[in-house]
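Participant: Starting from these lines, generate the structure:
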Amino acid sequence: MLIGVVGIVLVFIVVFVAVLVGVFNKLVALKNRYGNAFAQIEVQLKRRYDLIPNLVETVKGYMSHERETLDAVIQARNTAVSGLQAAARNPGDPAAIQGLAGAEGALGGAMGRLFALAESYPDLKASQNMQQLTEELTSTENKVSFARQAFNDAVTAYNTYKQSFPAVIVAGMFGHGQDASLLEFDSEAIAEAPKVSFG
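Facilitator: Just a heads-up that it's a prediction; the model follows:
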């Protein structure tokens, strides 16, 4: 009789540990998945940030008296770079993700003003450099959008699993207490590729 009770207790302990290990492993896998998805966003945003100084230099020759707008673009770009670095350190930190989203919104607004001003300069619109940079930025914006969607999908899968039974009971014990945040840009100028016509 005692052996039967001990056996039942042992089976219960083994099943309990197996469930804990399974939950832990799945939480880690899902967290790594959204971390990898954020790394894809990081690659595309860095590419865009690298293109912006080239764009400003190209525009500067045509719009030298628009210094305030050019400075605003560079300042917004630098703020976005800092926001990206903070978010890359911990893509699960809601404050870092929100900071990046805000910085991207400001950058989108500054870029939108720059492109709106560029419309007033026919020689700039006809410039091969400007056309090439605009094409590269548009392509990069599309890649950012796809990478952001993959990240948000991975975050949703992580949060959904973490909030489901039995993970909801043990997630906090394993360092998974806080939900990850979706990356949503405030500015539609960033969420969509810029629509600039040079024709």
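
Participant: Check the gap between Phe185 and Val168 for me.
Facilitator: Distance, Phe185 to Val168, using C-beta to C-beta, to the nearest Å: 30 Å. Bear in mind the C-beta positions are built from the backbone N, C-alpha and C, glycine included.

Participant: the more surrounded of those two?
Facilitator: Between Phe185 and Val168, counted using other C-beta atoms under 10 Å, Phe185 has the larger neighbour count: 20 against 13.

Participant: looking at it, the more buried one is touching Ala106, isn't it?
Facilitator: No - counting by C-beta atoms under 8 Å, Phe185 does not reach Ala106; the two are 10.4 Å apart.

Participant: residue ranges with poor pLDDT in this protein?
Facilitator: For the chain, the stretches flagged by pLDDT under 70 are 186-199.

Participant: Surely Thr69 and Phe115 touch.
Facilitator: No - with contact defined as C-beta under 8 Å, Thr69 and Phe115 do not form a contacting pair (10.2 Å).

Participant: buried stuff in stretch 52-68?
Facilitator: Neighbour-count burial for stretch 52-68 flags Ile52, Leu55, Val56, Thr58, Val59, Tyr62, Met63, Glu66 (criterion: 16 or more other C-beta atoms under 10 Å).

Participant: Please identify which two of those residues are farthest apart in space.
Facilitator: Comparing all pairs in these by C-beta to C-beta, the longest separation belongs to Ile52 and Tyr62, at 16.3 Å.

Participant: Distance from the chain centre to the lengthiest helix in the chain, please.
Facilitator: Among all segments of the chain classified by DSSP state H, the helix with the greatest residue count is helix 2-60. Here helix 2-60 is found 15 Å from its chain centre; the criterion is C-alpha atoms, centre = their mean, to the nearest Å.

Participant: again with stretch 161-169
Facilitator: Relative to its parent chain, stretch 161-169 has a centroid offset of 25 Å by C-alpha atoms, centre = their mean.

Participant: Also stretch 145-156?
Facilitator: 8 Å.

Participant: hmm, who's touching it?
Facilitator: Contact with stretch 145-156 is made by 30, 33-34, 36-38, 40-41, 43-44, 91, 180-185, 191-193, as judged by C-beta atoms under 8 Å, 6 or more residues apart in numbering.

Participant: which SSE is the residue lying closest to Gln40 once chain neighbours are set aside in?
Facilitator: The shortest distance from Gln40 to any residue other than its chain neighbours is 4.2 Å, reached at Ala147 (C-beta to C-beta, 6 or more residues apart in numbering). Here Ala147 sits within helix 128-162, counting by DSSP states H and E.

Participant: For that helix, buried residues please.
Facilitator: Of the residues in helix 128-162, those scored as buried under the neighbour-count criterion (16+ other C-beta under 10 Å) are 130-131, 133-134, 136-137, 140-141, 143-145, 147-148, 150-152, 154-155, 158-159, 161-162.

Participant: After that helix, which helix or strand is next?
Facilitator: helix 167-170.

Participant: I'd like to know which elements that next one is packed against.
Facilitator: helix 2-60 (3 or more C-beta pairs under 8 Å, 6 or more residues apart in numbering; DSSP states H and E).
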